[in-house]
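J.: Sequence plus the predicted model coming up.
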Amino acid sequence: MSIDTLKASIDSKGGLARTNRYNVIFTPPTQSLLNLNPETLVGALASGQSLSIKNLISDPRDISLLCESVSIPSRSISTLDYMADRQSNKFPYTHIDEDVTMSFLLTNDYYMKTMFDNWLSSIIDVDRYKLGYKDDYSTDVIIQQLNGKNIPVYGVKLEKAFPISVAAIELNTTSENEYAKLGVTFAYDKYVVEGPLSSTASALKSAASLFG
């Protein structure tokens, strides 16, 4: 195969997919977006931020902008070994979808950390040891691969996703030029592969869910 043949094949398929062209879209439960903690509001004023509706209700559109990395999840087939005619063969019996971990940049108002703290509290109330209802704390998460024109070419939808782990935030005196980041791991019921049109429709539906 010549280089020209390879280039022609790649060009005919729209070019190579780039790992830095992606989008993550989801609308957390409403209670996760509310910032009604007086200490948070006082802290925002003390840090020089102007008090507005944005301090009270977080904008879920910022999630996509602050998501530094994400993976399209893998799916593996679980098998059992079965002896037949003196040879061991594998037979599938179920599949396993891996959890999805995302990394978010942290701003000085700790927007993402506060949001996920509220989200975790809606799953399990650690003070009263009370478990929430899954329909109330789960949401669909859409992960899209974009082309060079930022148009979705492939997507997956994580159905009924919710955070199961919010990683520690490392602070140290030697990281003068580094930014704080937050790692979050999501569990979900299953993921559904979506094409460009269905993925765009899912994204619009997720955005519309914020307004009921």
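T.: That came in fine, so what should we check first? Residues are numbered from 1 along each chain as shown.
J.: Flag the shaky bits of this protein, pLDDT-wise.
T.: Scanning the chain for pLDDT under 70 picks out 1, 32-60, 207-212.
J.: check contacts around residue 99.
T.: Applying Cβ atoms under 8 Å, 6 or more residues apart in numbering, we find residue 99 in contact with 73, 164, 185-187. C-beta: built from backbone N, CA, C; applies to glycine.
J.: Among these, which pair sits farthest apart?
T.: Greatest spatial distance among those (Cβ to Cβ): 73 and 164, at 13.8 Å.
J.: who has more neighbours, those two?
T.: residue 73 (16 against 13; other Cβ atoms under 10 Å).
J.: Help me confirm that the more buried one comes into contact with residue 192.
T.: No - using Cβ atoms under 8 Å, residue 73 makes no contact with residue 192, being 11.2 Å away.
J.: tell me, what's touching the two both at once?
T.: residue 156.
J.: Name the residues of whichever helix or strand residue 102 is part of that are buried.
T.: According to DSSP states H and E, residue 102 maps onto strand 100-105. Residues of strand 100-105 classed as buried under the neighbour-count rule (16 or more other Cβ atoms under 10 Å) are 100, 102, 104.
J.: Could you give the bridge partners of the last one?
T.: It stands for residue 104. residue 67, residue 182 (DSSP bridges).
J.: show me what contacts it?
T.: Applying Cβ under 8 Å, 6+ apart, the residues near residue 104 are 63, 66-68, 112, 181-184.
J.: Now, the contacts of residue 99 that are in strands?
T.: 164, 185-187 (DSSP state E).
J.: Quick check on the residues you listed: which are buried?
T.: 186-187.
J.: And the ones in strands among the contacts of residue 99, which is closest to residue 205?
T.: residue 186 (18.4 Å).
J.: got the contact list for residue 71?
T.: 100-101.
J.: and the contacts of residue 104 as JSON lines, adding distance to residue 154?
T.: Formatted as JSON lines, the contacts of residue 104 follow (distance: Cβ to Cβ, whole Å):
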{"residue": "63", "distance to residue 154": "20"}
{"residue": "66", "distance to residue 154": "22"}
{"residue": "67", "distance to residue 154": "17"}
{"residue": "68", "distance to residue 154": "20"}
{"residue": "112", "distance to residue 154": "26"}
{"residue": "181", "distance to residue 154": "26"}
{"residue": "182", "distance to residue 154": "26"}
{"residue": "183", "distance to residue 154": "24"}
{"residue": "184", "distance to residue 154": "23"}
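J.: For PyMOL, write the select line for the buried members of the residues you listed.
T.: Selection of buried members from the contacts of residue 104 for PyMOL, criterion 16+ other Cβ under 10 Å:
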select buried, resi 63+66+67+112+181+182+184
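J.: from the buried residues of strand 100-105, which is closest to residue 91?
T.: Nearest member of the buried residues of strand 100-105 to residue 91, counting by Cβ to Cβ, is residue 100, at 28.2 Å.
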